[in-house]
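Peer 1: Structure, please.
(one chain, ligands or ions: 1)
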Amino acid sequence: MRDHAERADVSAFQHIRYFASAAQPDQLPPDRGAEAAFVGRSNAGKSSAINAICGRRKLAFVSRTPGRTQMINFFSMEKDNCLVDLPGYGYAKVPADIRNRWEHLLGSYLLYRVALRGLVIVVDIRQGITALDTKMLEWFGTTGKPVHVLLTKADKLGRQQQVKQQNEARRQLANILAHASVQLFSSVTGDGVEEARKTLLQWLAPAR
Ligand code: GDP
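Peer 2: Residues are numbered from 1 along each chain as shown. Below you'll find the model as predicted:
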């Protein structure tokens, strides 16, 4: 039964493929269908998480190809649905003009995209929710759309530490916004992959 349910979940992601990139707001594809976006500090494990969720090894590494790292990258699924890979934040030294361009692009997308149903924030469990993540949460929180935090690299901690970090993240989220959930995740062991798929599929399901 469990295997069957898992296959049903993964099948929605099976035919996902790279679709488009946008370096500026006027390059965004038409605002239709339903989208779920991923964001996080660079190196938090975002690409690995997208790959694990889609059951693919290299899908999100497309976003790493030269010229695409600062773009919004779209991956199309069935029924006009998309997963959207947003540029990582938190590089130590980014010139102000590039940072301003990112903020303009990210702001246009995150705050005004009608198709966007929810935001996944990828956080390294060992670092926990940082000041930059909090800024992102506060910013996106104004839309009233749901946020789901993946505490990635959970395999790097023992069970007790995992629970401690999850509770701490819950506590922080509760102070910032109402529509937030948090889960443990590891793209190495696959722990939490099914739970993440379920959240995404709930967001992407057509409104009834
Ligand atoms: P991104 O910059 O957020 O897209 O991060 P990546 O997905 O490229 O991951 C950054 C580094 O962390 C890589 O060396 C990955 O192999 C490693 N990594 C990512 N996810 C996990 C995980 O769940 N467990 C472990 N142990 N390592 C991970």
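
Peer 1: Which stretches in this protein count as helices?
Peer 2: Using DSSP state H, the helices of the chain run over 2-14, 46-54, 96-112, 131-141, 159-176, 193-204.

Peer 1: Which one of those has the poorest average confidence?
Peer 2: Mean pLDDT across the helices of the chain is lowest at helix 2-14; the value there is a mean of 64.

Peer 1: Grab the nearest non-local neighbour of residue 41.
Peer 2: Closest residue to residue 41 apart from its sequence neighbours, by CB to CB, 6 or more residues apart in numbering: residue 90 at 3.9 Å. The C-beta positions use only the backbone N, C-alpha and C, and glycine is treated the same way.

Peer 1: Please apply the same query to residue 24.
Peer 2: That would be residue 105: by CB to CB, 6+ apart, it lies 6.1 Å from residue 24.

Peer 1: correct me, but the one you found touches residue 72?
Peer 2: Yes: here residue 105 reaches residue 72: they are 6.6 Å apart, a contact under CB atoms under 8 Å.

Peer 1: Residue numbers of this protein in contact with the ligand?
Peer 2: 40, 42-48, 88, 152-153, 155-156, 186-188 (CB under 6 Å from any ligand atom).

Peer 1: Could you tell me which of those residues count as buried?
Peer 2: Restricting the residues of the chain next to the ligand to buried positions leaves 40, 44, 45, 46, 47, 48, 88, 152, 153, 186, 187, with burial counted as 16 or more other CB atoms under 10 Å.

Peer 1: Of those, which one scores lowest on pLDDT?
Peer 2: residue 88 (87).

Peer 1: List the contacts of that one.
Peer 2: Under the criterion of CB atoms under 8 Å, 6 or more residues apart in numbering, the neighbours of residue 88 are 39, 40, 41, 42, 43, 44, 46, 69.

Peer 1: ok, now which ones touch the spatially most central residue of the chain?
Peer 2: Nearest to the centroid of the C-alpha atoms of the chain, with distances taken as CA atoms, centre = their mean, sits residue 38, at 1.9 Å. Shown in contact with residue 38 (CB under 8 Å, 6+ apart): 46, 49, 50, 83, 84, 85, 86, 119, 120, 122.

Peer 1: ok, back up a step: around the residue nearest to residue 24, how many other residues sit close by?
Peer 2: By the measure other CB atoms under 10 Å, the count of residues near residue 105 is 21.

Peer 1: One more: residue 122?
Peer 2: Per other CB under 10 Å, the neighbour tally for residue 122 reads 25.
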